[in-house]
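Asks: I would like to see how this sequence folds:
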Amino acid sequence: MTSTPHQACPAPGPYAYAPRPPHAPRPPYAAPPLPYHRLALSTGTHRWWRPLAGTGLVLAGALAVTMVVLCAAETAGAFLDRPVDKDGFRVWGGIAETGQALLSLALVTPVVFLAARWAQRRPAGSVSSVTGGLRWHWLGRCMAVGLPLVVVSLGIMLLLPEAGDGAGEDVRWAGLPDFLLGLAMVCVLVPFQASAEEYVFRGWLTQAVGAWCRAPWVAIVPQALLFASAHGWGTVWGFTDLVVFGLVAGVLTIRTGGLEAAIGLHVLNNLLAMGASAAIAGALSSDETAADMNWMAAAVDAVAVCAYAGVVLWLAGRRRIVSVSEGGVPGGAPGGGDASGGGGGAPGWGGAPGWGTAPGWGTAPGAAGVATSDSASDSSVSSADAGVGR
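Replies: Numbering: from 1, shown residues only. Prediction:
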């Protein structure tokens, strides 16, 4: 058998394909400087449906954690043979049941973080601030500003005459054991409950709307109305006061680039208001909220919240607190600024031109650029702040 000699491949003709060059990797997405309410755009993966999917995840997660806490309470109640009410639920008493409600709210914060990671494909820390995390030094300074305001405001409210159904009610000392138990519950759970509400309303909802709309007010107004509605309908004055709180907290969040100012005021307000309620028999189990305020208390509260905002904005400008991201992904890439609020920041709400910032919405004077040292001089304040738990 004769073997056929191997024939060499013919030289490439005029129609032969050239070898494909190696695939060049796509350069990473570099986001421009962004204000807080636009941080959902920081990764370049935004799609119109992602805020909707994330909001659905937050709602479902909030319902899930509420059911988990309820089931745990029912299981423990059955094990300890607690009495049952007319609806079939175990009775724990006012302090424990209030603690159960606070815990259910507190556990929503991890749900918000998961929604940011899973639905919007961005770091969870971008919900906290433009630097990718809570700026603890700035939070502490905001609380230092708010503490005397809350004390003065609460004192004024306690001196106001009672109005409506609350007039003439017998106020009794809760007793030392119940007071200490209630105060411990408030101190442990209220900071997490109040901050969770800020992460949901000033955090998630503001950034969800901001992913679609460039104007800051479009992102601020809906969360304020939803925040007031979530507290129920009591009086016109109480609802209006809650809207004012939501609007002011929203402005502070965007003007300072993070949730710290809103969290500080909210935590202090609820701590002192509910701590005082722990001393009164049955007050912690009351259904009354800030939505039930009369016009006098609402007026004191609104003036106090606005005074707090003015001082915080002045302090933010003095300490050059960054209000826009430095570019890139906050908390996911270098250059996001330090944890105390430092880092470069372009003045204004929207950072780079083209991101639709409204004129006149810039940062507080001097707030652009690198944050000053924490040893810089602080301000002392004496005004009034909110004294009703939210």
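Asks: so for A352, what's the pLDDT?
Replies: Per-residue pLDDT puts A352 at 34.
Asks: can you give me the helices for the stretch 201-350 of the chain?
Replies: 206-210, 216-230, 236-256, 260-277, 295-318 (DSSP state H, counting those that start in this stretch).
Asks: quick one, the longest one and helix 260-277 angle?
Replies: To tie it back to what came earlier, the one meant is helix 295-318. Relative orientation of helix 295-318 and helix 260-277, computed by axes from the mean of the first three to the mean of the last three Cα atoms, to 10 degrees: 140 degrees.
Asks: the helix ranked longest in the chain - contacts with which helices or strands?
Replies: The longest helix of the chain (DSSP state H) is helix 50-79. Using 3 or more Cβ pairs under 8 Å, 6 or more residues apart in numbering; DSSP states H and E, the elements in contact with helix 50-79 are helix 94-106, helix 108-118, helix 206-210. Heads up, the C-betas are built off the backbone N, CA and C, glycines and all.
Asks: looking at these, which is closest to T66?
Replies: Shortest distance between T66 and these, using Cβ to Cβ, is found for helix 94-106: 4.5 Å.
Asks: and the closest one, C-alpha only, in PDB?
Replies: Extracted C-alpha coordinates of helix 94-106, given in PDB (Å, rounded to 0.1, in the frame of the first residue of the first chain):
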ATOM      1  CA  GLY A  94     -46.000  46.400  78.100                       C
ATOM      2  CA  ILE A  95     -42.200  46.500  78.400                       C
ATOM      3  CA  ALA A  96     -41.600  43.200  76.700                       C
ATOM      4  CA  GLU A  97     -44.100  43.800  73.900                       C
ATOM      5  CA  THR A  98     -42.600  47.200  73.200                       C
ATOM      6  CA  GLY A  99     -39.200  45.600  73.100                       C
ATOM      7  CA  GLN A 100     -40.500  43.100  70.600                       C
ATOM      8  CA  ALA A 101     -41.800  45.900  68.400                       C
ATOM      9  CA  LEU A 102     -38.400  47.800  68.600                       C
ATOM     10  CA  LEU A 103     -36.500  44.600  67.800                       C
ATOM     11  CA  SER A 104     -38.600  44.000  64.800                       C
ATOM     12  CA  LEU A 105     -37.800  47.400  63.500                       C
ATOM     13  CA  ALA A 106     -34.100  47.200  64.400                       C
END
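Asks: give me the angle between it and helix 260-277.
Replies: Helix 94-106 runs at 170 degrees relative to helix 260-277, counting by the same axes, to 10 degrees.
Asks: please state the offset of helix 94-106 from the chain centre?
Replies: Distance of helix 94-106 from its chain centroid, counting by Cα atoms, centre = their mean, to the nearest Å, is 19 Å.
Asks: how about the contacts made by the nearest residue to L189 once chain neighbours are set aside?
Replies: Among residues not flanking L189 along the chain, L102 sits closest, at 4.0 Å (Cβ to Cβ, 6 or more residues apart in numbering). Listed by Cβ atoms under 8 Å, 6 or more residues apart in numbering, the contact partners of L102 are 185, 189-190, 192-193.
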